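In: Mind folding the following:
(chains A and B)
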Amino acid sequence: MAVGGKAVGARIAAVATHLPSRRLTNETLADDFSGGWSAEKIFEKTGIRERRVVEPGETALDLGHKAAERLLGEAGLSPGQVDFLIFCSQSPDYVLPASACILQERLGLPTNVGAFDFNGGCSGYVYGLALATGLIAAGSARTVLLVTADTYSRFIHERDRSVRTLFGDGAAATLVVADDSGCTIGPFVFGTDGRGAKSLIVEAGGARVARDETTAEPVEDAFGNVRSRDNLLMDGGAVLAFALREVPAVWRALKERAGLDDAAIDLVLLHQANRFMLDALVRKLKLDPDKVPYFFETIGNTVSSSIPFVLEQLIAEGRVGRGNRAALIGFGVGLSWAGCTISF
Amino acid sequence: MNELRAGLADIFEVEPSAITSETALTDLGWDSLAMVSTIALFDELFGKPINIDKLKNCETVADLESMAEEA
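Out: Below you'll find the predicted structure:
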């Protein structure tokens, strides 16, 4: 049963992101997809000119580590001031232990911190905020370091233009702290539809389907895209239809739960899937485009880090000041979606 | 129907006159991107969810038009 939820006295004190250095441009993709899309067509449709991808041996944990280190440095925070670490990723270093435990050691956080991973995709950032504010509301933590990091490039077949054009690797670190001065995070709205589990999936490599030479066999689909069962598969049509169905419902539920109308919300931060998806949602939700920042032209869709990339930019531009209110909505792999409101 | 054809002409970057009921989608460059664009177009024109399995089986503009009539 869905419950009401409430706003929690908490705020986002800092955001820092990190990108791997290797660039994957539309020109490179156009060469790789010979006879298919031109570099300009890829940009026109996706709004993306380039994305960043990891080098062999570089992992989501490495990216998350760099983002977290930068955040602690910029916020002037000593590791001892953090009392909880949450790591959100779908590309962990190991089956076990949790990457958060390794990150605790790397960052030099004290051993009395709580730390865990969760497997979140495009709704992962909002889920992470919900977990962080829940810990704060329960009095279990006051300073939570939320790290989101993913490397979908590792899962993508080089001849699958349906996903290689869209996804980029990246990480973000967000400091969520208890607040009693009027800043709030929440209420939250969640949704899940496991019927769409196979709409966005890496099938082999977990416990259900072990990787072997048969799962690595590449197969060409009806549109000329190539992938194996070891690779990421996205049924773009199903994912778009899902987003057009559920995001408007989340938007309505959020406003109702928070008791806000459109005018009371200064910014709507949507998961930065691609221009095509966001344009369709902005039209459908009848949003003022000025309230909906886009940030994917130079980084692509960075999954659970896409919203904090926007937030970091907004903070740098001074667009989220005291008294501003934002709605955040993430949606994707699961299928899973989540939204929340934030009063800065 | 004119709106549907105009939308399809935009998606495939052709003149509207190039879109007739008999036109085969493969001749227009029907790919994964065209399919998601068509889903967005139906949503915009009719405001209702489209049956994706049916859409995947469409071969001609007439097939899309009959889906539009049902919408």
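
In: Find the residue ranges of chain A scoring beneath the pLDDT cut-off.
Out: Applying pLDDT under 70 to chain A flags residues A:1-4, A:35.

In: wait, what's in contact with the closest residue to A:Leu328 other than its chain neighbours?
Out: Closest residue to A:Leu328 apart from its sequence neighbours, by Cβ to Cβ, 6 or more residues apart in numbering or on different chains: A:Leu269 at 4.7 Å. Quick note: C-beta positions are derived from backbone N, CA and C, even for glycine. With contact taken as Cβ atoms under 8 Å, 6 or more residues apart in numbering or on different chains, A:Leu269 is in contact with A:Val292, A:Pro293, A:Ile307, A:Val310, A:Leu311, A:Ala326, A:Ala327, A:Leu328, A:Ile329.

In: give me that answer again for 7 Å
Out: The contact partners of A:Leu269, taken as Cβ atoms under 7 Å, 6 or more residues apart in numbering or on different chains, are A:Pro293, A:Ile307, A:Val310, A:Leu311, A:Ala326, A:Leu328.

In: could you say which helix or strand contains the second one?
Out: Think A:Ile307. Following DSSP states H and E, one finds A:Ile307 within helix A:306-316.

In: Columns neighbour count on top of the contacts of A:Leu269, output as CSV?
Out: Conversion of the contacts of A:Leu269 to CSV gives the following (neighbours: other Cβ atoms under 10 Å in any protein chain shown):
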residue, neighbour count
A:Pro293, 20
A:Ile307, 29
A:Val310, 25
A:Leu311, 24
A:Ala326, 23
A:Leu328, 24
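
In: The residue nearest the centre of chain A - nearest residue in space that isn't next to it in sequence?
Out: Computing the C-alpha centroid of chain A and ranking residues by Cα atoms, centre = their mean puts A:Ser304 first, at 1.4 Å. For A:Ser304, ignoring the flanking residues on the chain, the nearest one in space by Cβ to Cβ, 6+ apart is A:Gly124 at 3.2 Å.

In: Pull the number of nearby residues for the one you found.
Out: Residues lying near A:Gly124 (other Cβ atoms under 10 Å in any protein chain shown) number 30.

In: swap in A:Ser153?
Out: For A:Ser153, using other Cβ under 10 Å, the count is 22.

In: so where does the residue nearest to A:Leu328 fall, helix or strand?
Out: Assigned by DSSP H and E, A:Leu269 falls in strand A:267-270.

In: That strand pairs with which strands?
Out: Paired strands of strand A:267-270, with direction, are strand A:325-332 (parallel) (DSSP bridges).

In: any idea how far the strand it pairs with is from the chain center?
Out: On the basis of Cα atoms, centre = their mean, to the nearest Å, strand A:325-332 sits 10 Å off its chain's mean C-alpha point.

In: What angle do helix A:306-316 and it make with each other?
Out: 160 degrees (axes from the mean of the first three to the mean of the last three Cα atoms, to 10 degrees).

In: contact partners of strand A:325-332?
Out: Residues outside strand A:325-332 that contact it (Cβ under 7 Å, 6+ apart): A:121-126, A:200, A:239, A:243, A:246-247, A:250-251, A:254, A:264-271, A:307, A:320, A:337-343.

In: buried subset of those residues?
Out: With burial judged by 16 or more other Cβ atoms under 10 Å in any protein chain shown, the buried subset of those is A:121-126, A:200, A:239, A:243, A:246-247, A:250-251, A:254, A:265-271, A:307, A:320, A:337-343.
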